[in-house]
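> What shape does this take:
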Amino acid sequence: MKPKPLIAGNWKLNKGPSEAHAFSKALSEGISAVVSQTIDIIIAPPFVSLSQAKGDGFYLAAQNVYWEEKGAFTGEISSSMLKELGVSYCIVGHSERRLYFNETDRMINLKAQALIDNRLIPVVCVGEKMEDRKKGVTNEFVTFQLSSALFGLTIKNPDELVIAYEPVWAIGTGVVATPEQAQAVHETIREYLSGRFGRDIGSNIRILYGGSVNQDNIAGLIKQKDINGALIGGASLDLNVFLNIIDQVYKKEI
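Numbering: from 1, shown residues only. Have a look, this model is predicted:
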């Protein structure tokens, strides 16, 4: 039996407090209680909008975190601060953070550990560039990212961790991996997680696909054995599109 599906909307640098408030209110009204019991739904607003993105039927995620709890770290936010705002999940290791802000595997590992220590759930992102895929080293590259990000981490149940496979060549490009391409990497990730945490936990950690996911391709992706949901960028900014994606995943589950 597959783990409960998870649909996450990563708003990136979009939607200030007032817009986040209106969107989250409308999202809450658009999600039925039955759907929210069948699918876990997440939205990840910018830091300044977290306190305004309130409602029923979904969980809050942050887009980033710092690994220290307090100190002289201007501009940073700690996991305990996020928890006080009602945040349940936090994205770490997104390729945009790696590319534009020079985040290293070690930094991502420290962030994931800080989140787990504060009983928040890290959504750890991994994914290869097109040159890695062309060289035929996708599985090795993704496995290395996983082993680095999860180094030293201990979890007691599969709900304490989420992995998102986001091939860099598909993020924001309009190009999406075929369901078969995505499944092949998800299977590799699943095998790694089962070896790392044991079969009982590893087989039930949710692995999301991300990279130009929309209402036209979600159905083919979610049918795959090891794809347990999606981390959605641009398509999560349009309420009707996001609700349509959620509805398609729900209908597949019933």
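> biggest helix in the protein, by residue count?
As assigned by DSSP state H, the longest helix anywhere in the chain is helix 179-197.
> And the strands in the stretch 101-250 of the chain?
Applying DSSP state E, counting those that start in this stretch to the stretch 101-250 of the chain gives strands spanning 121-126, 162-165, 206-210, 229-232.
> what angle separates the longest one from strand 206-210?
This means strand 121-126. Calculated by axes from the mean of the first three to the mean of the last three Cα atoms, to 10 degrees, strand 121-126 forms an angle of 50 degrees with strand 206-210.
> what residue of the protein is the furthest out?
In the chain, Ala72 marks the outermost C-alpha relative to the chain mean, sitting 28.8 Å out by Cα atoms, centre = their mean.
> Quickly note the distance from it to Asn64.
For Ala72, the distance to Asn64 equals 19 Å [Cβ to Cβ, to the nearest Å]. Heads up, the C-betas are built off the backbone N, CA and C, glycines and all.
> just the CA coordinates of stretch 7-17, formatted as PDB?
Provided in PDB are the C-alpha atoms of stretch 7-17 (Å, rounded to 0.1, in the frame of the first residue of the first chain):
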ATOM      1  CA  ILE A   7       0.700  17.800  -2.600                       C
ATOM      2  CA  ALA A   8       2.800  20.800  -1.800                       C
ATOM      3  CA  GLY A   9       2.700  24.200  -3.300                       C
ATOM      4  CA  ASN A  10       6.000  26.100  -3.200                       C
ATOM      5  CA  TRP A  11       5.200  29.800  -3.700                       C
ATOM      6  CA  LYS A  12       8.800  30.900  -3.900                       C
ATOM      7  CA  LEU A  13       9.100  34.700  -4.100                       C
ATOM      8  CA  ASN A  14       5.300  35.300  -4.600                       C
ATOM      9  CA  LYS A  15       2.300  36.400  -2.600                       C
ATOM     10  CA  GLY A  16       2.800  38.900   0.200                       C
ATOM     11  CA  PRO A  17       0.800  38.800   3.400                       C
END
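> Can we start the residue count at 891 from this point?
I'll keep to 891 as the first residue from here, and by that count the last item is stretch 897-907.
> what's near enough to touch the nearest residue to Asp930 once chain neighbours are set aside?
Among residues not flanking Asp930 along the chain, Leu896 sits closest, at 4.6 Å (Cβ to Cβ, 6 or more residues apart in numbering). Leu896 makes contacts with 929-932, 1052, 1096, 1098, 1118-1119, as judged by Cβ atoms under 8 Å, 6 or more residues apart in numbering.
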